[in-house]
Structure formats: structure tokens, C-alpha cells
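A.B. asks: What follows is a predicted structure for the sequence shown.
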Amino acid sequence: MKICTRSIMLSRVAAFLLAALLSGCATTQPTPLPDTGVISVKSPRALADTVVRLEDELAKRKLAVLAKVSHSAAAAQVGMSLRPTTVLIFGNPQVGTPLMQCAQGAGIDLPMKALVWDDAAGQTWLTYNDPAWLVRRHGGADCPAAVNVAKALAGLAAATVAP
């Protein structure tokens with residue numbers, strides 16, 4: 001009887017989680033989750049223009065773009081559709097190394113990434129990970145380098161989405 005009760009409980013939990021996940025798909029604005037370390041800012045421009053602005057801002061700051069990934073183009077190649085979604089992977093060892101000195105495991109999340117994406121309402125967003133959160137995620141304590149990188153990324157994002 002306990003096994004049967006547990007199965008029913010697990011099924012209800014699974015159904016609840018599935019409903020929660022699916023209901024999130026219809027959201028037109030990002031819903032902040034507690035301590036996710038994800039920062040999103042609205043862009044007044046279309047996705048392509050936002051990506052170009054981001055690339056320009058990265059170049060001004062001497063941050064190398066290591067890769068540009070169009071998830072929507074990749075989806076189209078396999079016959080699937082996805083709203084415009086592009087990731088830029090960028091970095092500079094002078095910036096990333098101090099983060100790894102605070103918490104070496106943060107290297108799995110580096111180089112830094114910025115996601116430019118359109119929500120269901122057509123609003124373009126710029127999303128990136130908070131460096132202080134990354135350091136904490138990997139067991140690091142207070143890290144002055146993370147504070148500095150967070151300020152730099154906030155400035156980068158603000159310049160990218162400025163009118």
C-alpha cells in the first residue's frame with residue numbers, strides 16, 4: 001500500500017512540476033527566480049541590432065568574442081522554430097582568471113556569455129550571469145574580482161541597451 005501511495009504522490013508532484021514548467025512557457029516577461037544569478041535587461045532595439053551593439057561594446061572594452069551562436073538558426077537547420085536567440089561567448093584572461101582564483105570551479109561557467117533573445121511578445125532582452133553568483137555557486141566566498149566584473153558587465157549591458 002505504501003508503494004502505491006508513494007507512486008500516486010510522485011505522479012502528483014510530477015504533474016505539478018510539469019504544469020509549472022509549461023505555464024512558464026507562456027510568460028512574456030522573465031520571471032525572476034530566487035538566487036538564480038541571471039540578470040536580464042530590456043533592449044529598445046531588435047535582436048540583430050542589439051547583437052551588433054553588444055559586439056561593438058565588447059570590442060571597445062577589449063573583450064574578445066570567442067563564439068557567436070544562433071540557437072534560432074540551429075533550430076531552423078533541423079526543421080524546428082525558435083524565436084530569435086543568440087549567444088555571444090566572450091572574455092579576457094585578465095578578467096576571468098581572478099574569478100577562478102576565488103573559486104576554480106567557476107571555470108566551467110567561463111568565458112562569460114551574453115544571451116540576446118526575443119520573448120513571446122517580441123521584446124528583446126540581454127541576459128547574463130552575475131559573476132558574484134558564479135563564484136558562490138562554486139563554493140567561493142566574497143570575491144572582490146567578482147564585484148569588479150559585475151560592475152563591468154552591468155556597464156556593458158547598460159551601454160548596449162542605451163537609447
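C.D. replies: The structure has been received and is ready for your questions.
A.B. asks: partners of the residue nearest to the spatial centre of the chain in the sheet?
C.D. replies: Note on the chain: the residue nearest the mean C-alpha position is Y128, at 4.1 Å, using Cα atoms, centre = their mean. Beta-bridge partners for Y128, by DSSP bridges, are I39, A114.
A.B. asks: Mind pulling the model confidence for it?
C.D. replies: Reported pLDDT at Y128 in the predicted model: 97.
A.B. asks: As a check, name the ranges of all strands in this protein.
C.D. replies: 38-43, 64-70, 85-91, 112-118, 124-129 (DSSP state E).
A.B. asks: Let me know the angle separating the second one from strand 112-118.
C.D. replies: Meaning strand 64-70. Calculated by axes from the mean of the first three to the mean of the last three Cα atoms, to 10 degrees, strand 64-70 forms an angle of 30 degrees with strand 112-118.
A.B. asks: Show me what strand 64-70 is packed against.
C.D. replies: With contacts taken as 3 or more Cβ pairs under 8 Å, 6 or more residues apart in numbering; DSSP states H and E, strand 64-70 sits against helix 47-60, strand 85-91. C-betas here are computed from N, CA, C, even on glycine.
A.B. asks: Go again with 6 Å.
C.D. replies: strand 85-91 (3 or more Cβ pairs under 6 Å, 6 or more residues apart in numbering; DSSP states H and E).
A.B. asks: Just checking: what are the partner strands of the strand it packs on?
C.D. replies: strand 64-70 (antiparallel), strand 112-118 (antiparallel).
A.B. asks: Mind checking the pLDDT average for the last one?
C.D. replies: Translated: strand 112-118. 98.
A.B. asks: what's in contact with it?
C.D. replies: With contacts defined as Cβ atoms under 6 Å, 6 or more residues apart in numbering, strand 112-118 is touched by 47, 50-51, 83-91, 124-128.
A.B. asks: Number of residues surrounding K68?
C.D. replies: Using other Cβ atoms under 10 Å, the number of residues around K68 comes to 13.
A.B. asks: That one pairs with what?
C.D. replies: L88.
A.B. asks: Against A150, how distant is it?
C.D. replies: K68 sits 23 Å away from A150, taking Cβ to Cβ, to the nearest Å as the criterion.
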